[in-house]
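Q: everything below, folded, please.
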Amino acid sequence: MVREDQETNETSKIIEANEMNESNERKARRKVLKETVSVCPVCLERIPAQKTAYGDNIYLEKTCPEHGDFKSLVWEGKPRYQVWLRQEDNTKPVICDTETERGCPYDCGICPQHEQQACCVLIELTQRCNQNCRFCFADAGHALAEMSLEEISSLYDSLLERSPGRPFNIQLSGGEPTLRKDLAEIIRLGKEKGFPYIQVNSNGKLLAADPAYAQSLAAAGLDCVFLQFDGTDDDVYREIRSEPLLAVKKQAIKNCGQAGVSVVLVVTVVPGVNDGQIGTIVDFLLANLPAVRGIHFQPVSYFGRFPNEPSDEMRYTIPKLLRDLEDQTQGRLRTANFIPLATGHSLCSFHGTFQLNPDGQIAAISTPPEKACCSCGQDAIIGARNYLGRKWGARTGNALGGSKNDGDSGVGSEHGEPAFDDWDLFIKQIHENGFNITAMAFQDVWNIDLERLHKCRVHVATPTYKLIPFCAYNLTDQEGRSLYGRYC
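A: From the prediction side, this is the model:
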């Protein structure tokens, strides 16, 4: 009996020693890149956090003294995190309507801690919706009081006061904004007040139902429809949107094209559902030029009630998207064709401008200086608004020649000359066959980094005239309780 006890103790010691060695090996591989601040997914209190590297994978790690440790994948593989990061050229907001009291993210309005003037401002016209989506930013389906046309007019005036130089780009959203019977009037009013670019974020159902409806929005001055478009077969829509919708999307695109309204395909990328359709979505765009002028990818974020921390497999990161764009298009698009925007935060987004040549090849096109985000100071954010507001339309510029690489060196740095002898022909080709591919990785309560939030350039305008960074506005704890709530 004593001998058995001794053997058991020795076995336990061996197991403990092995576990300690494994723990030490993990710690040895772990490298702290930066100290930052986040919030607890349970109580939403500010807590210290670290950006940590395990090889080429980057995590946000944080500890709440009451609710424990959390760890979220934020960057995965190549292009390497350190190579992708750039020195941003941010411009602080001209007007701050709230004081810093509790600190970010509790004082939004915008508060003096915010480091970036807005580029795009989103206005929620309604919480009503005619769809039941598995993943949704909005608190759709809940009946809340909607702003009247007079209240929207006052909100427009407030935004004009806060946008020096070129006015903000406006996105009308919801819920489903096409459920507002006065949507055309809202668009027309914004145009009359001087907003140069207005887009509508829509699932496309009402746009598909009646060609005259798209024409009425075009006549009011609508520039673009941000069309929810998650894939090229109905299995994807059944999984994400609870119903087959591909035919609806195609008809909405046709009606918008006939009305002269540009369409951008907005893709919520969900691992295991539609991340294998990145290439076919690009093919769909190419087949539907010039009605479709771009794709905007949004890796899924976990808002609302989500009691358990998302696993690494549930995250779809920017570098994974970049690699899938190259791999699933057989190298027609390349990692080197995409760069982060110069305003905001490098980890939030990327963009690339392209042209479909007459021979069927894709050429990367540089952004004209007056539309790019590469200038300095206040000029940078005005350039950003110009670029984002006009990139879905006519374009000019020089071609970029990219070569296939390992996804690391020379990101966005390979330049060439237009493959056209006649400059007028080149401009015509850009107008008819140019397109953009962009992405934005929104933060949820599990991976939110307040350093990034300070630089957010997409703001939500509330009926009380507050401007709240998008990720703060939509932030919920693990039980779905909102930090700001709707119509705060």
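Q: test my guess that residue 153 contacts residue 189.
A: Yes: under the criterion of Cβ atoms under 8 Å, residue 153 makes contact with residue 189 at 6.0 Å. (Each C-beta comes from the backbone N, C-alpha and C, glycine too.)
Q: out of these two, which sits in the busier spot?
A: Ranked by neighbour count (other Cβ atoms under 10 Å), residue 153 and residue 189 place residue 189 first, with 19 against 16.
Q: spatially central residue in the chain, please.
A: residue 440 (2.2 Å; Cα atoms, centre = their mean).
Q: is that residue in a bridge, and if so with what?
A: residue 349 (DSSP bridges).
Q: so it versus residue 195, what's the distance?
A: Residue 440 sits 21 Å away from residue 195, taking Cβ to Cβ, to the nearest Å as the criterion.
Q: now swap in residue 166 and tell me
A: From residue 166 to residue 195 the distance is 10 Å (Cβ to Cβ).
Q: for residue 478, same thing?
A: 37 Å.
Q: ditto for residue 351
A: 22 Å.
Q: one more: residue 323?
A: Counting by Cβ to Cβ - residue 323 and residue 195 are separated by 37 Å.
Q: which of these two has more residues huddled nearby?
A: residue 195 (23 against 18).
Q: in a strand, the more buried one, correct?
A: No: assignment of residue 195 by DSSP: H, G, I helix; E, B strand; the rest coil gives coil, placing it outside any strand.
Q: what's the distance between it and residue 187?
A: 9 Å.
Q: how about residue 81?
A: From residue 81 to residue 187 the distance is 41 Å (Cβ to Cβ).
Q: what of residue 451?
A: Taking Cβ to Cβ, one finds residue 451 at 36 Å from residue 187.
Q: quick one, which of the two is more surrounded?
A: residue 187 (25 against 18).
Q: ranges for the strands of the stretch 51-200 of the chain?
A: 57-64, 68-76, 120-124, 169-173, 198-202 (DSSP state E, counting those that start in this stretch).
Q: possible to save these as TSV with mean pLDDT and mean neighbour count?
A: Output for the strands of the stretch 51-200 of the chain, formatted as TSV (pLDDT from 0 to 100; neighbours: other Cβ atoms under 10 Å):
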stretch	mean pLDDT	mean neighbour count
strand 57-64	98	20
strand 68-76	98	19
strand 120-124	96	22
strand 169-173	97	23
strand 198-202	98	25
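Q: out of the ones you listed, which is closest to residue 346?
A: strand 68-76 (10.6 Å; Cβ to Cβ).
Q: just want the angle from that closest one to strand 57-64.
A: Relative orientation of strand 68-76 versus strand 57-64 (axes from the mean of the first three to the mean of the last three Cα atoms, to 10 degrees): 160 degrees.
Q: now for strand 68-76, which elements pack on it?
A: strand 57-64, helix 318-328 (3 or more Cβ pairs under 8 Å, 6 or more residues apart in numbering; DSSP states H and E).
Q: hang on, isn't residue 124 packed against residue 470?
A: No: counting by Cβ under 8 Å, residue 124 does not reach residue 470; the two are 11.3 Å apart.
Q: quick one: contacts of stretch 312-325?
A: Applying Cβ atoms under 8 Å, 6 or more residues apart in numbering, the contact partners of stretch 312-325 are 72-79, 84, 269-272, 275, 278-279, 282, 297, 299-300, 302, 333, 335, 338, 347, 350, 407, 437, 439, 441, 447.
Q: only whichever of those are buried, select them in ChimeraX.
A: Buried members of those, defined by 16 or more other Cβ atoms under 10 Å, are picked up in ChimeraX with:
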select :72,73,74,75,76,77,78,79,84,269,270,271,275,278,279,282,297,299,300,302,333,335,338,347,350,407,437,439,441,447
